[in-house]
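1. Next input, structure requested:
(4 chains)
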Number of protein chains: 2
Amino acid sequence: MEALTSRQQQVLDYIQASQTQHGVVPTMREIARQFGFRSMTAAADHVRALRRKGYLVHHPRAARSHSVIPAMQTMVPRSLINVPLYGTIPAGFADERTQEAERTVAIDLETLGLRPDSKIFALEVRGDSMINRHICDGDIAIIDRSRTPKQGDVVTALIDRESTLKTLEFENGRPYLRAENPHYLNLHPSHELLIQGVMVALVRRHV
Amino acid sequence: MEALTSRQQQVLDYIQASQTQHGVVPTMREIARQFGFRSMTAAADHVRALRRKGYLVHHPRAARSHSVIPAMQTMVPRSLINVPLYGTIPAGFADERTQEAERTVAIDLETLGLRPDSKIFALEVRGDSMINRHICDGDIAIIDRSRTPKQGDVVTALIDRESTLKTLEFENGRPYLRAENPHYLNLHPSHELLIQGVMVALVRRHV
DNA sequence: TCTCAGACTAGGCAAATGAACAGTTGTGTC
DNA sequence: GACACAACTGTTCATTTGCCTAGTCTGAGA
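-> Next up, the predicted model:
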């Protein structure tokens, strides 16, 4: 894609910002006013240059008909979903409980390399039981419920009506949960092990 | 939200479809033509009803200025941006170099608690020099260039034509870069310290 | 020095467009 | 029957808006 001059970039940015903020593409006169042009031809020149270079398409003679073609958007169609973010997962959570989530996180499936049909939710990490796997208190774990857990996976499981993050291990064919911190004990379930999902990604806010 | 008549629903669907397919909202005359109305007032009446019932907003007298309000969008306004993801940041990178990024990452500004005017890019972490701060090889660091680095911040700085992630520290008022791994040496810059940005978040793909 | 493209000023035309007014028709409701 | 309202027709008007012509200025190359 042909490079833009700094002024052309400014105009493109303004059109794009106006489109997302007001939902409407600016007219030539609005562009001219925004940049202090006393003539609309200046704006028209820039828009023409942006069209020529392939950053804009438009329907001739139609009002406000410019469409920005963000390079990224056209090249990589992004699949974005909002997933619920739980502080702690209550016992027996199910799909219908989605509205109980306090917050949501926008997840880009492609960036994280996930399949579109994955069943995703997010869980805020409590404590430092997984610190040796570099999962810290306050981190947001992205959990896939549709994935079948394998040995060594970080999984979230229901223990004493609270869900905790642990590493799934096997001993003599029997699964148990290993904490990645020597101060924590491993959990050998007496009955059935209730795994809620496999951690597939992690997001950390750095203050 | 007030219910729509079937005809109003059809008009709303057409406006919405036109917006996503052509990127442009139809005019009154285009709506009329689509439905075979011989008068634009019919279209105008429907659009007016949709406005009254809260399904559309518009800027009076502005052409093609109707915006559909999908229930979801109005409830959760998300500010999502695509940021360039660099493997390594070449020396002297600047705004114009954006197109050199191999990939992009979709970032939800709200989830990460970032200001909308932040200048963000992403950097793939190489090596384990920050392992004691739980930043691993392969992690994606989200860097804000507009933030002023403070003591203790994880920053990316230009060392020997390669950018590395380090902790910013001060000794006798002079800044230096500390590695969070005892096997790595701290960097005391001889001349000027070139800090490219402050790490504000981290994303990790967990296989 | 000449040329060319980018970035503008100035003014104007014609098409595109929203909106208003005055009606008509059908459906349901009190 | 009176009334309200959705769903239209037909027409006109005032703006809004894209786009055109003509020309200036400036800096980078050839």
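
2. make it CA atoms for all contacts and neighbour counts henceforth
-> Noted.

3. pretty sure residue A:152 is touching residue A:169, no?
-> Yes. Taking C-alpha atoms under 8 Å as the definition, residue A:152 is a contact partner of residue A:169 at 5.8 Å.

4. could you list every residue that touches residue A:155?
-> Residue A:155 makes contacts with A:143, A:149, A:165-168, A:195-199, as judged by C-alpha atoms under 8 Å, 6 or more residues apart in numbering or on different chains.

5. so can I have a markdown table of the residues you listed showing neighbour count?
-> Formatted as a markdown table, the contacts of residue A:155 follow (neighbours: other C-alpha atoms under 10 Å in any protein chain shown):
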| residue | neighbour count |
| --- | --- |
| A:143 | 24 |
| A:149 | 19 |
| A:165 | 29 |
| A:166 | 24 |
| A:167 | 23 |
| A:168 | 22 |
| A:195 | 18 |
| A:196 | 22 |
| A:197 | 23 |
| A:198 | 27 |
| A:199 | 27 |
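
6. out of the residues you listed, who's nearest DNA strand C?
-> Taking C-alpha to the nearest atom of the strand as the measure, DNA strand C sits nearest to residue A:143 out of these, at 45.4 Å.

7. Residue A:20 is in what secondary structure piece?
-> helix A:6-22 (DSSP states H and E).

8. And the next helix or strand past that helix?
-> Moving toward the C-terminus from helix A:6-22, the next element (DSSP H and E) is helix A:28-35.

9. What angle do helix A:6-22 and that following helix make with each other?
-> Relative orientation of helix A:28-35 versus helix A:6-22 (axes from the mean of the first three to the mean of the last three C-alpha atoms, to 10 degrees): 110 degrees.

10. Sort out for me which of the contacts of residue A:155 are in strands.
-> Among the contacts of residue A:155, the residues falling in strands (DSSP state E) are A:143, A:165-168, A:195-199.

11. follow-up on the earlier one: pull the helix holding residue A:20 out as CSV, backbone CA atoms only.
-> Provided in CSV are the C-alpha atoms of helix A:6-22 (Å, rounded to 0.1, in the frame of the first residue of the first chain):
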residue,chain,number,x,y,z
SER,A,6,1.6,13.2,7.2
ARG,A,7,-1.2,15.5,6.2
GLN,A,8,-3.0,12.7,4.3
GLN,A,9,-2.6,10.5,7.4
GLN,A,10,-4.2,13.2,9.5
VAL,A,11,-7.2,13.5,7.2
LEU,A,12,-7.6,9.7,7.2
ASP,A,13,-7.4,9.6,11.0
TYR,A,14,-10.0,12.3,11.2
ILE,A,15,-12.4,10.5,8.9
GLN,A,16,-11.9,7.3,10.7
ALA,A,17,-12.3,8.9,14.2
SER,A,18,-15.5,10.6,13.0
GLN,A,19,-16.9,7.4,11.6
THR,A,20,-16.4,5.5,14.9
GLN,A,21,-17.3,8.4,17.2
HIS,A,22,-20.3,9.9,15.4
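
12. and that helix, what does it pack onto?
-> Here helix A:6-22 touches helix A:28-35, helix A:40-52, strand A:67-68, going by 3 or more C-alpha pairs under 8 Å, 6 or more residues apart in numbering or on different chains; DSSP states H and E.

13. I'd like to know how far residue A:171 sits from residue A:179.
-> Using C-alpha to C-alpha, to the nearest Å, we find residue A:171 at a distance of 15 Å from residue A:179.

14. Of these two, give the one with the bigger neighbour count.
-> In terms of neighbours (other C-alpha atoms under 10 Å in any protein chain shown), residue A:179 is the more surrounded of residue A:171 and residue A:179; the figures are 22 against 8.
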